[in-house]
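Novice: The sequence and its predicted three-dimensional model are supplied below.
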Amino acid sequence: MMFHWLADHRRKKILEKDFPAEWRLLLQKHVAHYHYLNNEERFYLEQLIQVFAKEKIFEGCNGLEVTDKIRVVISAEACMLLLGLPHDLYRNFHTIFIYPSTVVVPPARQSMFSTAPLIVQSQTAISGQAFKRGPVILVWDAVKKAARHPELGHNVVYHEFAHILDMLDGHANGVPPLHDKKAYASWAAVCSKEFNSLIKKSQMGKRTFLDPYGATNEAEFFAVATEYFFDKPLKMKKNLSALYDILAGFYNQDTAAREKNHRSK
Ligand SMILES: [Zn+2]
């Protein structure tokens, strides 16, 4: 675990305050993965949460009042992804919009001059969305449930913040900035193999380990794979070991070892 705060005076200042005891209780009660961490990781996650909760703007929508619980749970889940990464990777966005329950995105309007055949676009219900320079949109119902139940394998915060990491290099293409040049070739080889296999299997209606939503495009593939990497790491390591290893290398975390250790407690 790294402590790279030294150069950042503003963040050092934030961390001069102790982590609030009430926040720790919220983590213990509402964030299952907090219990998977060792003491050193918990300490570092708490620091990340303190900085994140202070720096980001949390906007409640449709009448939602942003409470400490909402702030702490979202910050914790977002920062789980950064435990083994540099702490400033969420620098490109500032605001998180939080809706109480599922948001329905209106269909994109067809241009008056469009020559394309009129396609009836269905209204899609979403539980989150992320844009390159923000905002991130989250639905609190979905966030709350996922934080308590990693066994479901769906986590909208892990998903959207994986998109944020992916877009750090300016492109939502399923490839976040990797640690060294050599890593790109193996990333492409492993991910495209599993991505294509997911497309093929879901087209044939076969059961797949990853959610077929990951077959939408490379960006969704990385976001969905990230959800499984944190939520179902032991199963992922067994079923898709090459993909697990690639993600473990990128996130610099061994989530499977952590899950195994937690289960044996
Ligand atoms: Zn997505």
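Specialist: Structure's in. What do you need?
Novice: mind checking how far residue 149 is from residue 155?
Specialist: 9 Å (CB to CB, to the nearest Å). Using the backbone N, CA and C atoms, a C-beta is placed for each residue, glycine as well.
Novice: can you check residue 102 too?
Specialist: Where residue 155 is concerned, residue 102 sits at a distance of 16 Å (CB to CB).
Novice: In terms of packing, which of those two has more residues around it?
Specialist: residue 155 (27 against 11; other CB atoms under 10 Å).
Novice: For the protein, which residue occupies the most central location?
Specialist: Nearest to the geometric centre of the chain sits residue 158, at 1.8 Å (CA atoms, centre = their mean).
Novice: domain ranges for this structure?
Specialist: 1-106+122-149, 173-265 (automatic domain parsing).
Novice: Which of the ones you listed sits closest to the ion?
Specialist: Among the domains of the chain, the nearest to the ion by CB to the ion is domain 173-265 (4.5 Å).
Novice: Now do the end-to-end distance for the closest one.
Specialist: 39 Å (CA to CA, to the nearest Å).
Novice: How about stretch 59-72?
Specialist: 14 Å.
Novice: In it, which residues are buried?
Specialist: For stretch 59-72, a neighbour-count test (16 or more other CB atoms under 10 Å) marks 60, 64, 66, 69-72 as buried.
Novice: neighbouring contacts of that stretch?
Specialist: 22-23, 26-27, 30, 49, 53, 58, 95-100, 135, 140, 143 (CB atoms under 8 Å, 6 or more residues apart in numbering).
Novice: Please apply the same query to stretch 177-188.
Specialist: 168-169, 175, 246, 249-250.
Novice: Serialize the residues you listed to a markdown table and add fields for distance to residue 219.
Specialist: Output for the contacts of stretch 177-188, formatted as a markdown table (distance: CB to CB, whole Å):
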| residue | distance to residue 219 |
| --- | --- |
| 168 | 12 |
| 169 | 12 |
| 175 | 9 |
| 246 | 16 |
| 249 | 19 |
| 250 | 15 |
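Novice: Take the residues you listed and keep only those in helices.
Specialist: 246, 249-250 (DSSP state H).
Novice: need the next SSE after the helix or strand harbouring residue 59, C-terminal direction.
Specialist: Using DSSP states H and E, the element containing residue 59 is strand 57-60. Per DSSP H and E, the first helix or strand lying C-terminal to strand 57-60 is helix 68-80.
Novice: avg pLDDT for that following helix?
Specialist: Taken as a whole, helix 68-80 has a mean pLDDT of 98.
Novice: Toward the C-terminus from it, list the very next helix or strand.
Specialist: Downstream of helix 68-80, the first helix or strand assigned by DSSP H and E is strand 95-99.
Novice: Report the angle between that following strand and helix 68-80.
Specialist: Angle of strand 95-99 versus helix 68-80, following axes from the mean of the first three to the mean of the last three CA atoms, to 10 degrees, is 120 degrees.
Novice: List the buried residues of strand 95-99.
Specialist: Result for strand 95-99 [16+ other CB under 10 Å]: buried residues 96-99.
Novice: could you say what helices and strands that strand packs with?
Specialist: Judged by 3 or more CB pairs under 8 Å, 6 or more residues apart in numbering; DSSP states H and E, strand 95-99 is in contact with strand 57-60, helix 68-80, strand 136-139, helix 140-148.
Novice: Reformat these as a markdown table; add distance to residue 186.
Specialist: As requested, the helices and strands packed on strand 95-99 are exported to a markdown table (distance: least, CB to CB, whole Å):
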| stretch | distance to residue 186 |
| --- | --- |
| strand 57-60 | 38 |
| helix 68-80 | 24 |
| strand 136-139 | 29 |
| helix 140-148 | 30 |
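Novice: In CSV: these, plus distance to the ion.
Specialist: Shown next, in CSV, are the helices and strands packed on strand 95-99 (distance: least, CB to the ion, whole Å):
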stretch, distance to the ion
strand 57-60, 20
helix 68-80, 15
strand 136-139, 11
helix 140-148, 13
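Novice: now, of these, which is deepest in the fold?
Specialist: Of these, the one with the most neighbours on average (mean count of other CB atoms under 10 Å) is strand 136-139, at a mean of 24.
Novice: Now the helix ranked longest in the chain: buried residues?
Specialist: Longest helix in the chain by number of residues (criterion: DSSP H): helix 182-203. Within helix 182-203, the residues scored as buried using 16+ other CB under 10 Å are 187, 190-191, 194-195, 197-199, 201-202.
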